[in-house]
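[1] have a look at this prediction, sequence included:
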Amino acid sequence: MLTIGLKKMVASRLIVAFPLILSTIIINFTIVHLAPGSPVDYMLSGAISGLPGGIPPGYLEAMKAKFGLDKPLHEQLVLYIVNVLKGDLGFSFVYNRPVIQVITEALPATLLLTISGFVVGVCLGLITGVKSSERPYSLTDNVVTTSSLWLWSVPIFWLGMMMLLLFSFQLNLFPAQGMSDPGVKGFEYYLSVASHLFLPVATLGVAQFALYTRFTRASMLEILSKDYITTARSKGCSRRAIYYYHALRNALLPIVTVLGLRVPHLLMGSVLVETVFAWPGLGRLLFESISRRDYPIIQGIFLIFSIITIVANLLMDVTYGYLDPRIRYK
Amino acid sequence: MSNNHSKGKKTVLVSTRKFWWRFKKNRAAVGGLLITIAFALMALSASVISPFDPFNMNFLEVFHPPSPSHLMGTDRFGRDILSRIFWGTRISLLIGFASAGIATLVGVPVGSISGYFGGRVDEVIMRGVDVFLVIPTFFLILLIVSIFGGSVWNVMAVIGLTSWPSTARLMRAEFLSFKEQDFVEAARSVGVGEFRIILREIMPNAIFAAIVNASMQVAGAIMTESSLSFLGLGDPNSISWGFMLRDALESSRIAPWNAIFPGLMITLVVVSFNLLGDGLNDALNPHLKEK
């Protein structure tokens, strides 16, 4: 499917993505070196609570050798970058395991929540955005626009808490915490996950919808004023065909760009929602690591989220190039 | 307009009176402005209007529901929630205004220089700005605050210093478009110096975009601060709405009023700053609204 133009575009975007990933690694390195105390103190943070027997003998020497702490700063930076690129994000003394292991274990739960919330938010946003663009300043449009403005300003964790209060504590419709009931297997396990997933996804979806509906509406209104829509109208196309076939397809283009730029915001939402619903993903891990001062984990999560964001942006760019042939030949 | 230059008068394309006239017509924006002012008054007079000492624990009145003596109820230490809400306004507005201020003070000069001079300088600055616009800044703020401590000063500095890139990018775009306009050409042709053109010709027109942006940034910073305190990264000795919500998380089943009111306040403040920003934007760029 990849045309030459598209291949070229992917290559040029990859060239941009790599230095971005490199700069986040450098930011991490800088923070470690600016932190109070030596980098070793920093890496040992949380060791007191995690290791009752104290730091294993010989560990400090091993760390010094590994990070070249007696070498000049620029050599340390190179060593650090090489380590991170090899997948070594450091060691968590709280979990007594490498950071990358702890993170990759929690990652699937976060991705499940984030992607489901994203899909729900985008679908809701597209549907309501198109609906409100059909009759601007009508009652429907005003309700959608006003509610999206308010929802956009609601702190997502509070929205989650209110969902919890209403649907879980008052109406008893959904479980309040965790990812599944203990001890269920097979098909029942999936049902249990789905019922646990409902409220967090609804929270994330509703919060995201607020943004996407505004963009969809604006983008649709712009497209609807174009000449080719008038042409479609005058040749007698049905309203449905005009809105969903002619207009929405073109209105999607700017929306795709916005989706890419909102990935950091989406991840932030997931982390906060996970904290409310005790969802066992990276957000929960982050929440616990903050109170235990487990810096290597916090740093690892920042790095992983940066990489996810950069890759997501890359994917959005490629989608954009795929949807809009004009971009490929620029 | 051109004979203004010899007298050193600045050229402004937006008239204040017209601006206020357009702003007044936007009822949502005026509402936003009024609520903002109300919150500012609340923050200034928190010590006077609070019915109780916000730190005063009273173990005889733990988790009391809203009543005439405690209008918003009490929390798990028997502290009056209404008083804590009033005091919490201080932290939210302080961090909101200070971080937006820092972002504007850094972003405006950087963006102006980048946009006006272009070339190498612009190239280097914009590469740096791009990094900040792509990486998930919230997690960077979180990392820095968790390592360097969550004092009010740290939080406002970190939020401010990570949000200037968007201001810079905006100012750059404004300068790029203004520097080609006739009145700037005219100033240049009569021999006005570069920095004088930047400060007296372009800045008075371009600064409005930064003001609108700053209003939105106040809203964003308040949201970021409450999210940080919710995750446990605030100053434990101060009163913050996010921190109150974190406390309420464990007790929201038995004492929902703990969870409801602080969140309502955050929403109200953020909405009003967003409405204010929207209104300023519409009043400053009337042609956008007509589209």
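    Nice, I can see it.
[2] B:Trp257: neighbour count?
    19 (other CB atoms under 10 Å in any protein chain shown). (C-beta placed from N, C-alpha, C; glycine too.)
[3] wait, what's in contact with the residue in the stretch 151-291 of chain B that chain A sits nearest to?
    Distances between the stretch 151-291 of chain B and chain A by CB to the nearest CB are smallest at B:Gly263, namely 3.2 Å. Contact analysis of B:Gly263 by CB atoms under 8 Å, 6 or more residues apart in numbering or on different chains lists A:154-155, A:158, A:161-162, B:241, B:245.
[4] in these, find the pair that's most separated.
    For these, the farthest-apart pair by CB to CB is A:Met162 and B:Trp241; their separation is 14.6 Å.
[5] these two: which has the busier surroundings?
    Legend: neighbour count by other CB under 10 Å for A:Met162 and B:Trp241, higher for B:Trp241 (29 against 19).
[6] quick one: which of the contacts of B:Gly263 sit in helices?
    Using DSSP state H, the subset of those located in helices is A:158, A:161-162, B:241, B:245.
[7] wait, A:Phe64 touches A:Asp70, no?
    Actually, residue A:64 is Lys. It isn't Phe. Yes: assessed by CB atoms under 8 Å, A:Lys64 is found in contact with A:Asp70 at 6.5 Å.
[8] who has more neighbours out of these two?
    A:Lys64 (15 against 9).
[9] beyond whatever helix or strand that one lives in, next helix or strand please.
    When elements are defined using DSSP states H and E, A:Lys64 is found to belong to helix A:59-67. Counting by DSSP H and E, the next helix or strand C-terminal to helix A:59-67 is helix A:73-85.
[10] and the angle for that next one with helix A:59-67?
    Using axes from the mean of the first three to the mean of the last three CA atoms, to 10 degrees, the inter-axis angle of helix A:73-85 relative to helix A:59-67 is 90 degrees.
[11] what's helix A:73-85 packed up against?
    Packing contacts for helix A:73-85, counted by 3 or more CB pairs under 8 Å, 6 or more residues apart in numbering or on different chains; DSSP states H and E, involve helix A:4-34, helix A:59-67.
[12] how about the helix or strand just after it and chain B, touching?
    Using DSSP H and E, the next helix or strand after helix A:73-85 towards the C-terminus is strand A:91-92. No: applying CB under 8 Å from any CB of the partner chain, one finds strand A:91-92 separated from chain B by no less than 14.2 Å.
[13] centre of the chain versus whatever helix or strand comes next after strand A:91-92, how much separation?
    Later in the chain than strand A:91-92, the nearest helix or strand by DSSP H and E is strand A:97-98. The chain centre lies 24 Å from the centre of strand A:97-98; the measure is CA atoms, centre = their mean, to the nearest Å.
[14] and the next element down the chain from strand A:97-98?
    helix A:99-134.
[15] buried residues of that next one, list them for me.
    A:99-100, A:102-103, A:106-107, A:109-110, A:112-114, A:116-118, A:120-122, A:124-126, A:128-134 (16 or more other CB atoms under 10 Å in any protein chain shown).
[16] tell me which element the residue of the stretch 151-291 of chain B closest to chain A is part of?
    Taking DSSP H and E as the criterion, B:Gly263 maps to helix B:257-284.
[17] next: B:Met223.
    Per DSSP H and E: helix B:203-230 holds B:Met223.
[18] that helix packs against which elements?
    Using 3+ CB pairs under 8 Å, 6+ apart, helix B:203-230 sits against helix A:263-277, helix B:81-117, helix B:137-148, helix B:152-178, helix B:241-251, helix B:257-284.
[19] for the helices and strands packed on helix A:73-85, which has the smallest mean pLDDT value?
    Lowest mean pLDDT within those: helix A:59-67, at a mean of 71.
[20] compute the distance between A:Tyr190 and chain B, please.
    Between A:Tyr190 and chain B the distance is 27 Å, computed by CB to the nearest CB, to the nearest Å.
[21] the bottom helix or strand of chain A by mean pLDDT?
    One helix or strand of chain A scores below all others by mean pLDDT, DSSP states H and E: helix A:47-50, with a mean of 54.
[22] so who does the residue nearest the centre of chain B touch?
    Centroid check for chain B by CA atoms, centre = their mean gives B:Val218 as the closest residue, at 1.1 Å. Shown in contact with B:Val218 (CB under 8 Å, 6+ apart): B:96-97, B:99-100, B:273.
[23] nearest to chain A among those?
    B:Phe273 (8.5 Å).
[24] how about the residue lying closest to that closest one once chain neighbours are set aside, what does it touch?
    Leaving aside its sequence neighbours, B:Phe273 sits nearest to B:Ala219 (CB to CB, 6 or more residues apart in numbering or on different chains; 3.8 Å). B:Ala219 sits next to A:153, B:96, B:269-270, B:273-274, B:277 when contact means CB under 8 Å, 6+ apart.
[25] where's B:Ala219 relative to B:Ile266, distance?
    10 Å (CB to CB, to the nearest Å).
[26] likewise A:Ser270?
    19 Å.
[27] which residue sits closest to the residue of the stretch 51-200 of chain B found nearest chain A, ignoring its sequence neighbours?
    Nearest residue of the stretch 51-200 of chain B to chain A: B:Pro136, at 3.5 Å (CB to the nearest CB). By the measure of CB to CB, 6+ apart, the closest residue to B:Pro136 outside its immediate chain neighbours is A:Pro264, 3.5 Å from it.
[28] what about that neighbour, how many residues nearby?
    For A:Pro264, using other CB under 10 Å, the count is 22.
[29] check contacts around it.
    A:305, A:309, B:135-139.
[30] residue contacts, B:Asp75?
    B:62-63, B:81, B:84, B:244, B:247-248, B:251, B:255, B:258.
[31] any regions of the stretch 201-330 of chain A where pLDDT drops low?
    Residue ranges of the stretch 201-330 of chain A with pLDDT under 70: A:327-330.
[32] tell me the residues of it that contact chain B?
    So far as CB under 8 Å from any CB goes, the stretch 201-330 of chain A lies against chain B at A:222, A:261, A:263-265, A:267-268, A:271-272, A:275-276, A:286-287, A:290-291, A:293, A:295, A:298-299, A:301-302, A:305-306, A:309-310, A:313.
[33] what's the angle between the helix holding B:Met223 and helix B:137-148?
    60 degrees.
[34] average pLDDT across helix B:203-230?
    91.
[35] near chain A, which residues of the stretch 101-250 of chain B are found?
    Counting by CB under 8 Å from any CB, the stretch 101-250 of chain B sits next to chain A at B:130-131, B:133-140, B:142-144, B:146-148, B:219, B:223, B:226-227, B:230-233, B:242, B:245, B:248-249.
[36] which residues sit against stretch A:277-290?
    Counting by CB under 8 Å, 6+ apart, residues outside stretch A:277-290 touching it are A:94, A:102-103, A:106-110, A:112-113, A:160, A:164, A:176-179, A:196, A:199-200, A:270-275, A:294-295, A:297-298, A:301, A:304-305, B:142, B:146, B:231-233.
[37] and those residues, which are buried?
    A:94, A:102-103, A:106-107, A:109-110, A:112-113, A:160, A:164, A:176, A:179, A:196, A:199-200, A:270-275, A:294-295, A:297-298, A:301, A:304-305, B:142, B:146, B:231-233.
[38] for the helix holding B:Gly263, what is the distance to the chain centroid?
    11 Å.
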